[in-house]
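Chemist: Would you be able to build a 3D model of this:
(2 chains)
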Amino acid sequence: MKTDVLIVGGGPGGSAAAMFLLKEGIKPIIVEKEEFPRFHIGESMTGEAGAALRRLGLGDLMEERRYPVKHGVRVFGSSSWFIPVACRDENWKIQPASTWQVRRSDFDHALLEEAEKRGAHVIRGKAVKALLGEDGSVRGATIRKADGSSQNIDSQVLLDCSGMATFLANQRVTGPKYVGSYDKQIAFFAHVKGALRDSGTEGEMARDNTLIFYKKKYHWAWFIPVDSEVVSIGIVVPTAEYTASKQTAEEFFKSYLHTINPELERRTRELEYVEPVHVIPNYSFQVRRFCGKGYICIGDAHRFIDPIFSFGISATLREAEFAVPWVIEYLEGKNRDQENPFDELQRFIEKGTDNLEDMVDLFWEQPFAFATFVHHRYRDQLIDAFAGRIYESEHQPSPAIKVFRKMLKRERDYDHPDDYSIPIGSRYHPERAALWEPNSPVEGTEAWLKDAAQSSEDLLSA
Amino acid sequence: MQHVPQKLIDYINESRAPLPPVGDPNEPLQIDSLGLIRLVSFMESDCGIRVEDEELVAENFATLKSIDALIASKSQGADASS
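Modeler: Numbering: from 1, shown residues only, chains lettered A, B, ... in the order given. Here you go, the predicted structure:
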């Protein structure tokens, strides 16, 4: 079987990539290993994620499905602040806007169905092997279907939208996968009824806003309405603290929930659990050389920083959109003689995500400075960053991001021969350096992550 | 506390209410972060003391002594450059 574009993964990134391609007359194949609907975490969107959906003509679908409308993010910690969802008009003036919160099982399913309806060919199966050309380019993938049969699909371009499964990185097609700065945390979350929301219809007090509560560094909680009754509540803590508690996930969630912040305690006194407490270890990682001949990794398939400010869907939708013009040029035969035909795209995406990482890091390292910047000094620039406007084409890095770097004593260098600098998470954690050096006693990040995953599973089954 | 203007000390004492006025310069001020953000605004607008972005770390505003040191470092800088 042959196709111009093979998309591995039918989550929001895969479906959006398909729909952006279909707008340009290209019919891709999407391979999805799971039957939808299926549970997934990452329920809140930035303003720019909402805007990307509207560009795909999905505004009506979002309204019909009555997804909660998000007007901003309220943060409760040692200082409290609010960042509204806002867009920029044609004169780059800030204007009020809104976006959505979604129950992912429903949203991802609706998006994939819509992509199929518009002409994408959806195949149920798991990509198990990357097919490589003699020059090392990606030429497709072997798909294993539910009935056990296998099929090769040849492609001109493979878009890896496999999320944290990081298909191409695991196939060692990309550069190495590095551990990021927030890899030692664990998240517990549940969908609940009875949580107290605010009661307004817009702005800071809008009832369906995202609320974030933090206790201290690396200890925080989210509060995201996913329909008119149900709220997704999650808590994130260092894994070691959970291990030391010797509690089950549910016990830990219920006892810890009320210790994070009095405001969260007030809102969660009488909860009805709609489903059991879920747990995921919160890996942060970064894949180098995530674009190359015949392939582009999108969203979580190459990088995951920290879930605190809900950038997951935003990054994947936008990267899907940014990739499309490059895919079209490649299909037209352009840039094929280059070592990395998508080098410029890769750098563009990396710089944008680095801006985001600097913002998240400063929030954790210097919360007081961060709050001051939100209140006055850099308010508009932080509104932009929270809305997901993090790319060079959006006046980034802004003076705010540059100040963050100065305060973090961090420099970003994009002229390194290996494309980019060593990921911050590894550079600033010398104890991990051995993992990445040649002849290291640890085989690589995969082995390291597998150990971490195993110990989390042991915890959960205990 | 030779570098801290009296009106800033008055402002700090008001911010701390109902706590008593600061006695010991090493005692933690116990002003919450929103209060600290207002304190920085006050220093800039009412005392003419510019606080640089990099100086916005909570430790610089933890005690009267640390605020004094912060202001002192600024006037020294100004002396050196003049």
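
Chemist: At which residues are the helices of chain B located?
Modeler: B:6-16, B:33-46, B:64-81 (DSSP state H).

Chemist: Flag every buried residue along the second one.
Modeler: For helix B:33-46, the neighbour count (16 or more other C-beta atoms under 10 Å in any protein chain shown) marks B:33, B:34, B:35, B:36, B:37, B:38, B:39, B:40, B:42, B:43 as buried. Using the backbone N, CA and C atoms, a C-beta is placed for each residue, glycine as well.

Chemist: want to try TSV for the helices of chain B, with distance to residue A:260 as columns?
Modeler: Putting the helices of chain B into TSV (distance: least, C-beta to C-beta, whole Å) gives the following:
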stretch	distance to residue A:260
helix B:6-16	26
helix B:33-46	17
helix B:64-81	28
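
Chemist: For residue A:239, which of those helices is the nearest?
Modeler: Minimum separation from residue A:239 across the helices of chain B (C-beta to C-beta) falls at helix B:33-46, 27.7 Å.

Chemist: Can you list the helices and strands that the closest one packs against?
Modeler: Counting contacts by 3 or more C-beta pairs under 8 Å, 6 or more residues apart in numbering or on different chains; DSSP states H and E, helix B:33-46 packs against helix A:367-375, helix B:6-16.

Chemist: Please work out which of these is packed deepest.
Modeler: helix A:367-375 (a mean of 22; mean count of other C-beta atoms under 10 Å in any protein chain shown).

Chemist: show me what contacts the residue in chain B positioned nearest to chain A?
Modeler: With distances taken as C-beta to the nearest C-beta, chain B approaches chain A most closely at residue B:33, which sits 3.2 Å away. Taking C-beta atoms under 8 Å, 6 or more residues apart in numbering or on different chains, we find residue B:33 in contact with A:77, A:78, A:79, A:367, A:368, A:371, B:58.

Chemist: where does the chain dip in pLDDT?
Modeler: The chain I'm using is chain A. Under the criterion of pLDDT under 70, the regions of chain A flagged as low confidence span A:282, A:416-462.

Chemist: my bad, chain B
Modeler: Counting by pLDDT under 70, chain B shows low-confidence ranges at B:77-82.

Chemist: what does it put close to chain A?
Modeler: On the criterion C-beta under 8 Å from any C-beta of the partner chain, chain A has as its neighbours in chain B the residues B:32-34, B:36-37, B:40-41, B:53-54, B:56-58, B:61.

Chemist: cutoff 6 Å now
Modeler: Contact residues (C-beta under 6 Å from any C-beta of the partner chain) of chain B with chain A: B:33, B:34, B:37, B:53, B:54, B:56, B:57, B:58.

Chemist: Spatially nearest residue to the first one, not counting backbone neighbours?
Modeler: This points to residue B:33. When the adjacent residues along the chain are set aside, residue B:33 lies closest to residue A:79, with 3.2 Å between them (C-beta to C-beta, 6 or more residues apart in numbering or on different chains).

Chemist: Ok, the second one next?
Modeler: Take residue B:34 and drop its neighbours on the chain: the residue closest to it by C-beta to C-beta, 6+ apart is residue A:79, 4.9 Å away.
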